[in-house]
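> predicted model, plus sequence, below.
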Amino acid sequence: MTFSFIDQELKKQALIGMIRAVPIILGYLPIGLAFGILASTAGLSTTAAAAMSVFVFAGSSQLISVGLIGAGVGVFSITVTVFLVNLRHMLMSAYLAPHMRKLKLWQLVLFSYEITDESFAMHSAYIRKKGVPPVAELFALNISAHLAWVAGSVLGAWLGSSITLDIAALGIDFALPAMFIALLVMQFESYRHLAVSVFSALMGLLLYLAGMNQLYIILATVTAATVGVLTERKSNQVEEDKLV
């Protein structure tokens with residue numbers, strides 16, 4: 001009887017996690033489709049595209065990789081580029097780490113493996129408002145998003161090898177920035193968050209126009225986060241002084 005209750009509770013938590021993953025899934029399916037088509041165009045088989053989505057699971061890195069593969073770039077250059085693009089994951093992991101202490105080592109490894117920009121946005125927003133969700137809910141969200149990405153990739157690779165498609169005409173290339181914008185808006189809780197986001201975007205744009213490569217993402221993020229922390233501390237200090 002006890003085990004039945006536990007099973008039902010786990011199922012409920014997993015279902016909540018899958019429901020919370022729906023916004024990510026709606027974004028991953030078209031973007032995964034675009035990746036699969038590009039991978040096929042670059043000469044990758046459906047199996048290779050699927051394997052990349054299973055083991056790499058990083059949208060921007062995968063899109064960049066297939067472009068480099070199609071251009072005939074070597075493995076070393078592709079590896080270094082992907083590493084630089086994914087440096088932002090260190091920042092995301094550093095934020096989530098204190099909240100994941102209840103996870104076992106193997107769970108922590110799996111959770112870290114499946115963290116993406118989108119799942120990070122969902123987890124961090126939930127943690128700030130309600131605390132750390134149950135483990136089953138955490139993994140249900142991550143795994144659901146991962147499966148959607150793989151499904152989109154396989155479908156795209158199959159279509160790319162079977163039918164000639166014009167990706168630009170479908171407007172799929174807009175799905176990625178649209179999803180990022182939607183997830184960013186979900187994080188806004190005050191005008192300060194909006195101001196920091198705008199500052200980060202403008203700084204990133206200026207650094208990019210100045211000729212900086214992928215590091216402009218990291219520099220803009222770290223600088224904006226620092227400004228956000230300093231302004232929040234200043235605001236809290238002002239509130240404390242008013243109370244005194």
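Ah, there it is. Numbering: from 1, shown residues only.

> point out where the protein drops to low pLDDT.
Along the chain, segments meeting pLDDT under 70 span 1-6, 163-180, 182-184, 186-187, 213-214, 236, 238-244.

> what's the domain layout of it?
Structural domains annotated on the chain: 2-187, 189-244, as defined by automatic domain parsing.

> including mean neighbour count, could the ones you listed go into TSV?
In short, each C-beta sits where N, CA and C put it, glycine included. Output for the domains of the chain, formatted as TSV (neighbours: other Cβ atoms under 10 Å):
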stretch	mean neighbour count
domain 2-187	17
domain 189-244	13
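
> residue nearest the centroid of the protein?
By Cα atoms, centre = their mean, the chain has its centre lying nearest to residue 117, at 1.9 Å.

> what's the closest non-adjacent residue to residue 208?
residue 216 (5.1 Å; Cβ to Cβ, 6 or more residues apart in numbering).

> the one you found contacts residue 209, correct?
No: counting by Cβ atoms under 8 Å, residue 216 sits too far from residue 209 to count as a contact (9.3 Å).

> quickly note the distance from residue 210 to residue 220.
11 Å (Cβ to Cβ, to the nearest Å).

> next one: residue 135
Distance of residue 135 to residue 220, computed by Cβ to Cβ: 33 Å.

> which residues of this protein fall in helices?
2-20, 22-41, 46-55, 59-70, 75-85, 88-96, 105-113, 117-130, 135-162, 167-170, 175-187, 191-209, 215-243 (DSSP state H).

> and the angle from the longest one to helix 88-96?
Here helix 215-243 runs at 30 degrees with respect to helix 88-96, directions being taken by axes from the mean of the first three to the mean of the last three Cα atoms, to 10 degrees.

> and helix 215-243, what does it pack against?
Contact partners of helix 215-243 among helices and strands, from 3 or more Cβ pairs under 8 Å, 6 or more residues apart in numbering; DSSP states H and E: helix 88-96, helix 191-209.

> need these in a markdown table (columns: distance to residue 57).
As requested, those are exported to a markdown table (distance: least, Cβ to Cβ, whole Å):
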| stretch | distance to residue 57 |
| --- | --- |
| helix 88-96 | 11 |
| helix 191-209 | 24 |
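
> to residue 107, which of those lies closest?
Minimum separation from residue 107 across the helices and strands packed on helix 215-243 (Cβ to Cβ) falls at helix 88-96, 12.9 Å.
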